[in-house]
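> Output the structure for:
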Amino acid sequence: VVEDNQPPNLLLIGPPRITLLTGMSINDFGATAEDSCAGDVTDSITVGGDTVDLNTAGVYTVNFTAEDGAGNITETLMREIVVLDELRVDVAMINAGDPQGTSGNPFGRIRDALVMAQDLFEENRMIAIRLVAGTYQEQVEFVPNAQLMGADPADPGATVIEPDAGLLDDSDAILLETAEDVMISDLTIRMPESETLTGTTLLRVDDNAVALDNVVLDGTQSTTNVGLHISGTASSQSTLSNCVLQNLNCAVMTQDSAVNITRNVFQGISGEAILVMAPTLKGDAESTTPVLGDVEDLDNTGSNTFEESDAAYIVNESDEVVLAEANFWGTDDYETIEAGMEGEVVFTPYYVSAGLSVLTVTIVINVEDDVTRDAITNATVSVDPRVFSDITNNDSGAYVFPALTPADYTFTAIATGYDSGSTTVTDPDLIDEGTIQLMAQDTTPPVITIVNNTDTFNIVDCESGAYSDPGATALDAVDGSVTVSITGS
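Numbering: from 1, shown residues only. Here you go, the predicted structure:
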């Protein structure tokens with residue numbers, strides 16, 4: 001008689017960890033069990049552990065054990081099911097020597113998360129990838145429907161993509177967007193320090209739509225590199241907003257693209273802030289150029305800011321007009337602004353609009369406390385006629401209304417804890433200002449003091465029977481001495 005004291009051989013089918021997003025289905029292939037005496041005992045496998053809820057993010061563990069006819073039980077094998085609201089990447093996983101990460105934070109490289117996003121791709125679903133703060137030394141090539149987010153929207157410098165210089169050459173891009181519907185936000189893309197990289201691009205977009213928001217494109221004091229190189233008519237759906245482009249030779253290079261460029265800051269640019277290259281499209285194909293600023297939109301939300309430098313603002317090598325309305329050009333001098341434009345460019349402020357022959361003006365409204373004269377920074381300022389939306393952004397209580405047509409304007413300010421106030425600016429100069437002094441709302445009652453410091457009198461005038469009350473005084477924090485009303489009998 002052969003004694004059977006060996007448990008079956010238990011094997012998982014598929015990987016020990018499965019990662020997926022909430023709402024997706026799972027295909028768990030289970031396990032197999034083979035016994036030396038009884039053969040295939042897969043049917044004897046017991047599955048236990050957590051109940052997996054595919055609609056709730058979490059880490060779930062599924063256990064597998066098998067038992068043969070002699071009562072020999074295998075050791076427990078476990079499969080981890082990671083259900084995520086979004087994919088997460090932590091550069092610390094690379095430092096720990098585990099680029100595949102842990103169950104709660106599964107990726108150490110952006111490229112690994114993007115590969116997973118490709119595997120998890122569902123039509124019309126944007127897959128979010130959030131990066132933990134740190135510096136990621138890798139090049140990135142995107143997949144469709146990927147949203148790459150930094151750790152902190154308030155600090156895009158906390159999350160940096162900066163590959164080692166040895167990974168790049170002059171024709172490379174740090175981020176290569178070759179897939180449609182990509183979003184990048186809340187991070188910094190930075191050129192590594194190098195004396196040999198002279199034509200490298202921070203972000204290359206070729207005939208696809210991309211949305212950049214709150215991104216810093218930093219050329220690291222480079223005088224030759226490009227921030228964003230975007231081309232192709234399909235990229236005309238792209239947007240560049242709330243970004244900082246700095247330390248670059250050319251901040252944005254476009255070709256055949258009507259990318260919308262709004263609310264960005266251009267600083268430390270040595271060549272061109274915007275370079276519009278000659279189109280490659282031929283025949284009846286439609287060529288397009290970028291759009292900067294508000295451009296026929298009355299809401300003053302689209303202005304870009306160009307810090308004053310020797311660089312050109314816009315160089316347009318195409319035959320089409322570039323619209324660049326309602327931007328801050330770093331100077332009030334019209335001739336200086338005009339000198340920074342090459343080719344067909346329509347720009348404001350300080351631009352004589354065709355058919356209007358009117359020079360635009362900028363009005364700064366200072367809002368302050370009417371007693372202390374302290375700046376009020378939590379105000380909302382509106383203008384009548386309503387040619388702009390209400391303004392809340394300010395510089396120490398200074399609220400700026402740029403590119404106004406010269407006219408009489410009434411500005412009204414409201415702020416918590418104050419009564420509203422207004423001022424009118426008439427016949428404004430090229431740069432003019434007004435002041436609104438707001439009165440603090442009075443919510444404290446006066447302090448009343450009874451004369452003679454007593455509230456009970458027993459006074460009898462034997463001759464006349466008359467009574468004379470010495471009265472009371474009242475002092476208010478805002479109005480000073482106020483009248484006291486006396487009632488009773």
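> pLDDT score for the closest residue to residue 418 other than its chain neighbours?
Closest residue to residue 418 apart from its sequence neighbours, by CB to CB, 6 or more residues apart in numbering: residue 438 at 3.9 Å. C-beta coordinates here come from the backbone N, C-alpha and C atoms, glycine included. As summarised for this prediction, residue 438 has a pLDDT of 96.
> Tell me how many other residues surround residue 438.
Residue 438: 20 surrounding residues under other CB atoms under 10 Å.
> where do the helices sit along this protein?
92-95, 110-119, 334-339 (DSSP state H).
> would JSON lines of those helices with distance to residue 404 be doable?
Below are those laid out as JSON lines (distance: least, CB to CB, whole Å):
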{"stretch": "helix 92-95", "distance to residue 404": "51"}
{"stretch": "helix 110-119", "distance to residue 404": "45"}
{"stretch": "helix 334-339", "distance to residue 404": "16"}
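> Tabulate the ones you listed (JSON lines), appending mean pLDDT.
Shown next, in JSON lines, are the helices of the chain (pLDDT from 0 to 100):
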{"stretch": "helix 92-95", "mean pLDDT": "75"}
{"stretch": "helix 110-119", "mean pLDDT": "82"}
{"stretch": "helix 334-339", "mean pLDDT": "82"}
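> winner for burial among these?
helix 110-119 (a mean of 19; mean count of other CB atoms under 10 Å).
> Off-centre distance for it?
23 Å (CA atoms, centre = their mean, to the nearest Å).
> what's it packed up against?
strand 87-89, strand 127-131, strand 140-141, strand 146-149 (3 or more CB pairs under 8 Å, 6 or more residues apart in numbering; DSSP states H and E).
> Next, the contact list for residue 324, please.
By CB atoms under 8 Å, 6 or more residues apart in numbering, the residues touching residue 324 are 274, 292, 293, 313, 314, 341, 345, 346, 347, 348.
> Now list the buried members of these.
Among those, those classed as buried by 16 or more other CB atoms under 10 Å are 274, 292, 293, 313, 314, 341, 345, 347, 348.
> Out of the residues you listed, which sit inside strands?
Secondary structure defined by DSSP state E assigns 274, 292, 293, 313, 314, 341, 345, 347 of those to strands.
> Leaving out the residues flanking it, which one is nearest to the fifth one?
Read it as residue 314. Nearest to residue 314 is residue 274, by CB to CB, 6+ apart, at 4.5 Å.
> Report the beta-bridge partners for that neighbour.
Beta-bridge pairing of residue 274 under DSSP bridges involves residue 252, residue 314.
> residues touching it, list them.
Counted by CB under 8 Å, 6+ apart, residue 274 has contacts 251, 252, 254, 261, 290, 292, 313, 314, 315, 322, 324.
> Reformat those as CSV; add distance to residue 71.
CSV is the format used below for those (distance: CB to CB, whole Å):
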residue, distance to residue 71
251, 74
252, 73
254, 74
261, 73
290, 75
292, 78
313, 83
314, 82
315, 83
322, 82
324, 82
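> Near residue 41, how many other residues are there?
If you count neighbours by other CB under 10 Å, residue 41 ends up with 22.
> if I look at it, how far off is residue 8?
5 Å (CB to CB, to the nearest Å).
> Kindly report the same for residue 238.
58 Å.
> Out of the helices of the chain, which gets nearest to residue 65?
With CB to CB as the measure, helix 110-119 is the member of the helices of the chain nearest residue 65 (29.4 Å).
> Strand 127-131 and that closest one, what's the angle between them?
If you take axes from the mean of the first three to the mean of the last three CA atoms, to 10 degrees, helix 110-119 sits at 160 degrees to strand 127-131.
> Bridged to residue 341, which residues?
For residue 341, the beta-bridge partners are residue 314 (DSSP bridges).
> For it, list the residues it contacts.
So residue 341 contacts 312, 313, 314, 316, 324, 347 (CB under 8 Å, 6+ apart).
> Low-confidence ranges, the stretch 201-350 of the chain, go.
221-223, 281-287, 294-302, 332, 348-350 (pLDDT under 70).
> One more pass at 90, please.
For the stretch 201-350 of the chain, the stretches with pLDDT under 90 are 201-210, 219-225, 231-238, 257-258, 262-263, 278-311, 319-339, 344-350.
> where along it do the strands fall?
Here the stretch 201-350 of the chain has its strands, by DSSP state E, counting those that start in this stretch, at 201-206, 210-218, 226-231, 239-241, 244-255, 260-262, 265-276, 291-293, 305-306, 312-316, 322-325, 341-342, 345-347.
> Measure how the fifth one sits relative to strand 201-206, angle-wise.
Pointing back at strand 244-255 there. For strand 244-255 against strand 201-206, the angle between stretch directions is 40 degrees (the same axes, to 10 degrees).
> Around the closest residue to residue 207 other than its chain neighbours, count how many other residues there are.
Once flanking residues are discounted, residue 207 sits nearest to residue 232: 2.7 Å by CB to CB, 6+ apart. Neighbour count of residue 232, defined by other CB under 10 Å: 19.
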